[in-house]
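Visitor: I'll drop the sequence and a predicted model, then ask my questions.
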Amino acid sequence: MITGTSGITLKFDIPNDVTIVCDSGNWSKTGGTVEVSNGDLIHFEAPITKTGTWSSSQIPNSYILNAILAQTSDSGLQRLVRLGKKDPTTYTSISINFISTGAFEIHKTDSETGNGIKDTVYTVKNSSGELVGKIKTDENGYGTLEGLYAGNYTLNEENSNENYIKATSDVNSEITAGETTKLELTNEHKKGNLKIYKVDKDNNRVVLGNVQFDLYSEELQKVIGTYTTDVNCNKFYL
């Protein structure tokens, strides 16, 4: 926020791909000459891929800026600084260091079939152990988390799809600025046992051997196995 003598203003030019947003005045402007006044609470936004450093020319008879890093709710933009308050001085200069971020993309699949697994949720923590976000897979098993600073991260499976066994091991990976780190992760499908006796329809004391069955999966929409009853005990296990 700009504070001080009533009527004080700061006038300066910003790059064409940088937007200044006045939170207190409900206005914004992209590129060109901008002017902010006493009492304005502002921040700057830029494309997530923008890198390098920008500095304004010296602004006469204004205030020193106290830069406070902030995060925008829009994953496609960087919220760069807010104006703090200090005593007035002769000149002010604004400098912004644009930080390029990276992203995680995970692909969660069945360990046997390779089919995508939906509704798997991963927590993502930075090297300090702070939670920076969560990733949830879609119908095809894909999920992304953007706006991550370069460094090391730990992913942990918080929730698994109800038909799959939850992974217990953490995944350690690294983000490189300006790049997407892609991770291929798998889960094992939950399984059970099925025991079948084949008997005569008119007399269930008469057991039948050498009867073949196809086992059809409603989930996969296909036959997943063919089985035959045992000739001795007239039963088989799945």
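Guide: Yes, it's here. Numbers count the residues shown, from 1 in each chain.
Visitor: what sits up against the longest strand along the chain?
Guide: Using DSSP state E to define each element, the chain has its longest strand at strand 9-22. By Cβ atoms under 8 Å, 6 or more residues apart in numbering, the surrounding residues in contact with strand 9-22 are 2, 27-38, 40-47, 50, 54, 56-57, 59, 62-63, 77, 92, 94, 96. Quick note: C-beta positions are derived from backbone N, CA and C, even for glycine.
Visitor: tell me the mean pLDDT over it?
Guide: On average, the pLDDT along strand 9-22 is 88.
Visitor: Quick one: list the elements packing against the helix or strand that comes right after it.
Guide: Per DSSP states H and E, the first helix or strand lying C-terminal to strand 9-22 is strand 27-37. If you count contacts as 3 or more Cβ pairs under 8 Å, 6 or more residues apart in numbering; DSSP states H and E, strand 27-37 packs onto strand 9-22.
Visitor: what's the angle between the longest strand of the chain and strand 27-37?
Guide: Per axes from the mean of the first three to the mean of the last three Cα atoms, to 10 degrees, the angle that strand 9-22 makes with strand 27-37 is 160 degrees.
Visitor: May I have the strands that pair with strand 9-22, each with its orientation?
Guide: Looking at strand 9-22 with DSSP bridges, its partner strands are strand 27-37 (antiparallel), strand 42-47 (antiparallel).
Visitor: would CSV of those with distance to N163, mean neighbour count and mean pLDDT be doable?
Guide: Output for the strands paired with strand 9-22, formatted as CSV (distance: least, Cβ to Cβ, whole Å; neighbours: other Cβ atoms under 10 Å; pLDDT from 0 to 100):
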stretch, distance to N163, mean neighbour count, mean pLDDT
strand 27-37, 47, 14, 90
strand 42-47, 40, 20, 84
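Visitor: Dump those strands to JSON lines, plus distance to N126.
Guide: Output for the strands paired with strand 9-22, formatted as JSON lines (distance: least, Cβ to Cβ, whole Å):
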{"stretch": "strand 27-37", "distance to N126": "30"}
{"stretch": "strand 42-47", "distance to N126": "22"}
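Visitor: for this structure, where's the lowest mean pLDDT among helices and strands?
Guide: strand 235-237 (a mean of 49; mean pLDDT, DSSP states H and E).
Visitor: burial count for the residue lying closest to V36 once chain neighbours are set aside?
Guide: Spatially, and ignoring its direct neighbours in sequence, V36 is nearest to L10 (5.1 Å; Cβ to Cβ, 6 or more residues apart in numbering). By other Cβ atoms under 10 Å, the residues close to L10 number 22.
Visitor: what do you get for T228?
Guide: 12.
Visitor: confidence score at T72?
Guide: Confidence at T72, expressed as pLDDT, is 58.
Visitor: Helix or strand: which one has the residue most central in space within the chain?
Guide: Centroid-nearest residue in the chain: L145, 1.8 Å away (criterion: Cα atoms, centre = their mean). Using DSSP H and E, L145 sits within strand 142-148.
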